[in-house]
Each structure stands twice: as C-alpha cells, then as structure tokens.
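Participant: Starting from these lines, generate the structure:
(2 chains)
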Amino acid sequence: MIPLYWYLGLGLLMFTVGAVGVVVRRNPIVIFMCIELMLNAVNLTFLAFARYQPTPLPIGGLPDSWMSGQMMVIFVMAVAAAEVAVGLGIIMAIFRLRDNVDIDEMNLLKG
Amino acid sequence: MVAVILTGLLALTADLIWYKKSTSSVRAISLIGLLVSGALVIQQWYRPDEDVLARMVTVDRFGLAIQFILIVSCFLCLLFSDGYLKEKRIAFREFYPLALWSTAGGMLMATSKNLLVIFLGLEVLSIALYVMAGMSRSEHKSEESALKYFLLGSFASGFLLYGIAFVYGATGGLNLDEIASAWSANNLAAKNMLLFGLGLLLVGLGFKSAFVPFHQWTPDVYQGAPTNVTAFMAAVSKIAAIAALYRVLHGMLPLRDLWIPALTVIAILTMTVGNLVALTQKDVKRILGYSSIAHAGYLLVGLLAHFSNPGQIGVTTVLYYLLAYSLMTIGTLAIVSMVAKEGREETTVASFNGLWKQSPLAAGVLIIFMASMIGIPITAGFVGKFQIFVDSINANLGLLAIALAINSVISIAYYLGIAKAAFVSDEETPRVAKMNTGLSTTVAICAAGVLLIGVLFAPISQWLGNDLNETPVMAMNAGQATK
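Facilitator: You can find the predicted model right below:
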C-alpha cells in the first residue's frame, strides 16, 4: 500500500500552492480558487488520516476514529459550498458597482 | 441556543409574511426571542457540568456565561440598528435573522470541546458576518470591507482546518480532551503532528480574535462595514473567538510550556501595535478597530494568567472583561452611528464636533464609555483591567503586567481625542443626527451597565462564576497567602 506520508506530502504541496496563490494573485476569483485548493488539501489530509487510523477495522462497521475524519470532510465540503455562494455574491456586488474586481484598486480603506 | 436559531427562523418567516410593511415586526420578534433565549440560558445557570449530545456539546458555567454575554451583545446591537439603518437607507429586514444566526454560531463555538462543532460554529458566525459587512450594497467602502473580510476569513479558516486535520491525525479523534492522552503517549511522529496542527489552529483562531500579526483585516473591515455591523462584529465575533480560544488552550494544557512563551510575545505585540497604530488614525471606526486589537491583547493576558496557574487563577476575570468590553464597545459604536445622516456617513474624529450641543446625553455617555475604555476607576473597564493586571502578577507574568500598564497609558491619548472632539463646537450646524428611542435606550443600558458592573464587580464576578467557585478577589488573597 502507498505510505501515508505520500498523501500528506501531496496535501502539503496543494496547501502551499493555494496559500502562495492567495498571497500573489490579484483577481479575487483566482484568490478564491486558491482558497478552495487549500480546503481540498485539507480534505485529502483528513481522508488519508481516516484511512490510515491505527485502530483496526472491525467487521460490519466503522469505528468512531475512522468516521469522524470522513464526517469532517462532508462538513468541510458543505461549508465550502456556502462560502462560494456568499463569496461570489460579494464579488458580483463589487463588479456591479465598479465594473472591475482587481484587488489593487480596493484601496479606499486605509489609515 | 436553539431558541436563538428558532427566533432567526421566525423572524425570517415574519419577513416573508409582512414583506410590504416596515421592519418593526421582524425587529420585535427578534428582540423578544433574544429575551426568551436569555431567560433560558439563566434558567440553566446552576446546571452541573456535563457533556451532552454524544459529547458534541459541553454544558458548563463558562459556556453559559459566554452565551449570556453574546445574547446581551446581540440584543443591544439590534436595539439601535433600526434607526441607523433607516438613516443610511439600507433598512433590509434580512439583517435581523442574519445577526441572530451569527450569534447562534458564536454560542456554538463557546459550548463545545469538539473541533468539528467549533469549526461549524465559526463558519456559521463568519458567513453571516460577511453578508452583513457588505450590506450597504451601493457603498464602495462596505463592499470592499466585505470582500477583504471574506477572503482573509476563508484563508484563515483554511489554516484552522489544516490544523484540525493534523490534530485528528495525531489523536484519532476530533475531541479536544483527547489531546492530553495523545501527548503523553510518547510517540514522536504523533507529537510533531500535534504541534504542527495546534500551531495552525492557533493561527486560525488568532485571526478571528485579531491578534497581531493576524490583525490586518480588522481596521479595514471595522471602518468599511455599516456601524451597527461593526458593533456586532466587535462584540459578538470577538467574544466567540476568545471563548473558542479558551476551549482550545484548555485542551492544550499539557503542552503549555511550549505555547505560553509564544502567546506571551503575541500578547505584548498585540497590545502595543494596537495602541500605537491607533494613535495615528483619523477615523473613529478605525481607531476603535485598533483599540479592539489592543483589547484582544488584554484578554489574551487574562487567558495566559489563567492557564499558567489554572488551579489558583480563575477565568472569571476574562468573562468579566468580555462583558465590560462588549457593553462599552457597543455603546461607543452606537454613538458613532449617530453621524449617519440621510444616507451619508463620515466617521472622522472631526465629524463629532458639536455633539455636545446637539445632544448632551450622547456626549455625556460618550465620556463614560471613553473613561471605561481608558480604565478610570468606578467604570467596568477599570475593574476589568485591574483584575487582569493582578492576575498576571499572581501568575508571575510580570512582563505582561508591565506591558498592560504601559499600554493603558498610551491608550489615554486617542480615547481622549475622541471624547474631546464631541465638545469642540464649530460654527456650522452639527453633522450628527438626532437620537431616536432605540439608540438612546441602547446607550442608556450600556452606560448604566458599565457603571453598575464597575461598582458591583464582586457580586457580578461571583455570578458569572468560574471553575474555582470563588471571586477573583478571593483568588487574589489566596495567592498572597501562599507567598
């Protein structure tokens, strides 16, 4: 079987790509996609940990320690979907206001 | 908590039924619902500590006290929102259900030791807040603050989740109680994963509580969001974040030799940066944003004092300070909301000139709030700060105590600046709007509360209670007796 660390490594790589993307990109939609990438890295990590739990798998059911990781993934996906709805709504509202969503032009608020 | 969610649903239903009429029915339902929820929380006050609902929800005095403070904050925010939203021409009724659900999310965060539930509560709180921050749709500032808050907020929840994933990997569960056994199991790989996970978890929560260096969003969002939403954010979201931080740190007690020094540095930075940058600001809402960063630092000092000696120093000081902080912040921002007039709003310090002439009551209570923020005796702010100061000395965190005292002195300058602006009168007509009933009730409750819990601090602390079942003053004496 593929060792756990490969999955963790891939997750870490995805998470880093996402985090760097959030910092360097200037378009809110791309930034948002990078955040989604981070969340997917989290999901992958959760599933890998859930699959490689040290507790043995009993016949006829999943133990709590396996289940909670998988449940967490479901919840993360649901929350991510809710965030998409709100986030795209906010980006739409800004686009209607100024026909442009570039982050560098969001500089009204400073002190 | 369930009552708050139900009230939100009921308010939304009312919104749908009476969609052509004014906001008054939605508002009335929300306020009554909050009163009922407050009564229900107090009814459970003396319930013994236990974990319910498959250990997803924890009933204890800390959680109940936080729920009570959250309900009070939400109630006060909704009370003055109506007039402000009308002046600003954004009287959307959706605001009330959103605020209620957001509060429910905060209550969820405070009453669970399960990381899944804490995460869900955080998201319920945040997603509603993103919408509320962008509520003034035709205003560039409001939309900008919503986008900044949203992007940085989801970025931070990414870190929080990645942290939870590693804690799960190390402990095999999502419950914070399992951290201790995993740490003592002496498995090096698991220990490293746990440390990595907890670090990320603290980054995520530090962002929500606006600790330096994760504070960049705070002033921007506080300035851009509608003032009633700013008040809501400053009170509810900060209280909930501090409560969740308490839960996480409580779970992390076995590791405290590692995180107390790190958080000490963060606390000092948070207080100092918050106060120093506030000195250079011109906009009242920005100043209050930085001041809320500084208050988060004070609260962190209180938490650190508790956790460095959990048997001696209770967490009541933090609860007391949260109550005081929420009253004075909401009161101040309620006064700030008076500058919104006929759809326009300018919140520089100078726009408060002539407040004294227009409304002596508002100027008077503003003085009380500023005195409390500075920490002048007989106000709640003084007692709260003093108790945290004493706690940090008892916990041998002298460095934090010194930083706290110096910062209180720095903060006098900008708080006095705000208070002074209200009494400078210029020739032109005052720019502030008249007070309405909701607003004056809010500021009256806040001002009375600040003075009352400042004078009656011992019974109030006793009532808020702690895991030691003694007031902080007694804890203080006990600390001296042992020396």
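Participant: tell me, what residue is most central in chain A?
Facilitator: Taking CA atoms, centre = their mean, the centroid of chain A lies closest to A:Leu39, which sits 1.1 Å from it.
Participant: avg pLDDT for whichever strand or helix holds it?
Facilitator: Using DSSP states H and E, the element containing A:Leu39 is helix A:28-51. Across helix A:28-51, the average pLDDT comes to 92.
Participant: Over to stretch B:210-220?
Facilitator: Averaged across stretch B:210-220, the pLDDT comes to 87.
Participant: mind exporting it as PDB, just the C-alpha atoms?
Facilitator: Output of stretch B:210-220 as PDB, limited to C-alpha atoms (Å, rounded to 0.1, in the frame of the first residue of the first chain):
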ATOM      1  CA  ALA B 210      -7.500  39.800  15.700                       C
ATOM      2  CA  PHE B 211      -4.100  39.200  17.400                       C
ATOM      3  CA  VAL B 212      -1.000  40.800  15.900                       C
ATOM      4  CA  PRO B 213       0.300  39.700  13.400                       C
ATOM      5  CA  PHE B 214      -3.000  38.400  12.100                       C
ATOM      6  CA  HIS B 215      -4.800  41.700  12.600                       C
ATOM      7  CA  GLN B 216      -4.500  43.400   9.200                       C
ATOM      8  CA  TRP B 217      -8.100  43.000   8.300                       C
ATOM      9  CA  THR B 218      -9.600  44.400  11.500                       C
ATOM     10  CA  PRO B 219      -9.300  48.200  11.000                       C
ATOM     11  CA  ASP B 220     -10.300  48.000   7.300                       C
END
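Participant: And that stretch, how far out from the chain middle?
Facilitator: Centroid separation between stretch B:210-220 and its chain, computed with CA atoms, centre = their mean, to the nearest Å, is 14 Å.
Participant: Ok, stretch B:345-355 next?
Facilitator: Counting by CA atoms, centre = their mean, stretch B:345-355 comes out at 25 Å from the chain centroid.
Participant: Not counting that stretch itself, show me its contacts.
Facilitator: B:88, B:223, B:227, B:282-285, B:287, B:335-336, B:338-339, B:362-363, B:366, B:417-418, B:421-426, B:429-432 (CB atoms under 8 Å, 6 or more residues apart in numbering or on different chains). (Each C-beta comes from the backbone N, C-alpha and C, glycine too.)
Participant: Mark which of the residues you listed are part of helices, please.
Facilitator: Using DSSP state H, B:223, B:227, B:284-285, B:287, B:335-336, B:362-363, B:366, B:417-418, B:421-423 are the members of those that sit in helices.
Participant: so where's chain A uncertain?
Facilitator: Chain A contains residues with pLDDT under 70 at A:56-58, A:60, A:110-111.
Participant: Output the longest helix belonging to it.
Facilitator: Using DSSP H, we find that the single longest helix of chain A is helix A:64-98.
Participant: Report all helices and strands that it contacts.
Facilitator: Counting contacts by 3 or more CB pairs under 8 Å, 6 or more residues apart in numbering or on different chains; DSSP states H and E, helix A:64-98 packs against helix A:28-51, helix B:115-133, helix B:140-171.
Participant: Quickly find the element holding B:Leu202.
Facilitator: In this structure, B:Leu202 sits in helix B:188-208 according to DSSP H and E.
Participant: er, B:Tyr96 I mean
Facilitator: helix B:95-110.
Participant: now the angle between helix B:115-133 and that helix, please.
Facilitator: Following axes from the mean of the first three to the mean of the last three CA atoms, to 10 degrees, one obtains 150 degrees for the angle between helix B:95-110 and helix B:115-133.
Participant: For helix B:95-110, name the packing helices and strands.
Facilitator: In terms of contacts (3+ CB pairs under 8 Å, 6+ apart), helix B:95-110 is packed against helix B:2-17, helix B:24-43, helix B:61-87, helix B:115-133, helix B:227-232, helix B:238-251.
Participant: who touches A:Ala19 in this structure?
Facilitator: Contacts of A:Ala19 (CB under 8 Å, 6+ apart): A:Cys34, A:Met38, B:Phe155, B:Gly158.
Participant: Kindly apply the preceding question to B:Ala305 instead.
Facilitator: Neighbouring residues of B:Ala305 by CB under 8 Å, 6+ apart: B:Ile313, B:Thr317, B:Ile388, B:Asp391, B:Ser392, B:Asn394, B:Ala395, B:Leu397, B:Leu400.
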